[in-house]
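**Q** model the following, please.
(one chain, ligands or ions: 1)
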Amino acid sequence: MGLLEGKKALIFGVANDKSIAWATAEAMHREGAEIALAYAGEAVAKRVAPLAEKLDCKLVLPCDVRSDEELSRLFGEIREAWGGLDILVHSVAFANKEELKGSFLNTTREGFQTALDISTYSLIAMAREAAPLMQGRDGSIVAMTYYGAQKVFPSYNVMGVAKAALEATVRYLAEAMGPEGTRVNGVSAGPLRTLASAGIGGFGQIAGHVADKAPLRRNISQEEVGNAVLYLASPLASGVTGEIHFVDCGYNIIGM
Ligand code: NAD
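**A** Sure thing, here's the model as predicted:
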């Protein structure tokens, strides 16, 4: 029997087959979960549809996470179809391209608000919608983060601030939702080539450095991240909440 047999999982953030959300969906499907995918909108719909079919997803729904109305409609559809929810995966981030190059000093007010709204606040908005659906079901929420939350990386700029706020949000949500039995954790993934990372000016430099310096002397794979999210979402992690779990070939332990 699979680790997630009988569980219902809603996953935000599949844009294509390189997305961390996709590797997560595949891992959860393999372990028996029923999957619903929420995608950003028309621009990615064509790429998401054939992927959803591979996992036999009946619920493949558009949702721009900037909109409370769209989030509320989406969770309403989940309630109607499933009656509840066991797992929520937040694998969504965005910053304007101009913010992800050059000096952090040039971060604009509007660029800051956009990055924090889409990449951070959305987790709070999702968690609030998910809370009543997860009641009494040992729910688990997992959000994707990056080491740039804690240390400075070239060009990561405002996204580092958004991830720092996301990691604090994981802890505050863990406290707020713990009494109902819902766990909230983050996975801090090493650099991976995806649509999101293509927008980061220093990405190639970061990925090369990690492969040289990490204890395992390589970069991670999407599958390794998907499996770690699977673990945190599963009963194997029933005593784990409020944690940021690194999946980075050990890079974060290195001082020099
Ligand atoms: P990705 O581009 O495949 O995923 C990002 C997703 O965010 C896309 O599906 C995109 O459609 C979605 N999105 C953006 N704006 C949205 C909006 N307004 N409404 C709804 N969805 C929206 O890239 P990814 O690398 O798989 O990123 C997933 C998560 O993993 C992000 O939080 C990212 O910061 C994090 N992460 C990525 C890396 C990496 O190196 N790729 C490393 C650590 C953490």
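
**Q** go through this protein and flag its longest helix.
**A** Using DSSP state H to define each element, the chain has its longest helix at helix 157-177.

**Q** list the buried ones in it?
**A** 157-163, 165-167, 169-171, 173-174, 177 (16 or more other CB atoms under 10 Å). No exception for glycine: its C-beta is placed from N, CA and C like everyone else's.

**Q** pull the CA atoms of that helix into CSV?
**A** Output in CSV follows, covering the C-alpha atoms of helix 157-177 (Å, rounded to 0.1, in the frame of the first residue of the first chain):
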residue,chain,number,x,y,z
ASN,A,157,17.6,40.0,-4.3
VAL,A,158,13.9,40.6,-3.4
MET,A,159,13.2,36.9,-3.8
GLY,A,160,15.5,36.3,-0.8
VAL,A,161,13.4,38.7,1.2
ALA,A,162,10.2,36.9,0.0
LYS,A,163,11.6,33.5,1.0
ALA,A,164,12.7,34.8,4.4
ALA,A,165,9.1,36.0,5.0
LEU,A,166,7.8,32.7,3.6
GLU,A,167,10.0,30.7,6.1
ALA,A,168,8.7,32.8,9.0
THR,A,169,5.2,32.3,7.6
VAL,A,170,5.7,28.5,7.8
ARG,A,171,6.5,28.8,11.5
TYR,A,172,3.6,31.1,12.3
LEU,A,173,1.2,29.0,10.4
ALA,A,174,2.5,25.8,12.1
GLU,A,175,1.6,27.4,15.4
ALA,A,176,-1.8,28.7,14.2
MET,A,177,-2.8,25.4,12.7
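
**Q** just how off-centre is it within its chain?
**A** 12 Å (CA atoms, centre = their mean, to the nearest Å).

**Q** orientation of the next helix or strand after it relative to helix 157-177 in degrees?
**A** With elements assigned by DSSP states H and E, the helix or strand that comes after helix 157-177 is strand 183-189. Strand 183-189 runs at 160 degrees relative to helix 157-177, counting by axes from the mean of the first three to the mean of the last three CA atoms, to 10 degrees.

**Q** quick one: average pLDDT of stretch 245-252?
**A** Per-region confidence: stretch 245-252 scores 98 on mean pLDDT.

**Q** mind listing what's buried in whichever helix or strand Ile11 is part of?
**A** Using DSSP H and E, Ile11 falls within strand 8-12. Using 16+ other CB under 10 Å as the test for burial, strand 8-12 gives 8-12.

**Q** that one pairs with which strands, and in what direction?
**A** Sheet pairing here is set by DSSP bridges, and for strand 8-12 it gives strand 34-39 (parallel), strand 87-90 (parallel).

**Q** wait, which of the buried residues of strand 8-12 is closest to Gly186?
**A** Using CB to CB, Phe12 comes nearest to Gly186 of the buried residues of strand 8-12, at 14.3 Å.

**Q** what bridges to the closest one?
**A** Ala38, His90.

**Q** Arg66 contacts Leu116, correct?
**A** No: using CB atoms under 8 Å, Arg66 is not in contact with Leu116, being 11.2 Å away.

**Q** those two: which has the busier surroundings?
**A** Set Arg66 next to Leu116 and count neighbours by other CB atoms under 10 Å: Leu116 wins out with 18 against 15.
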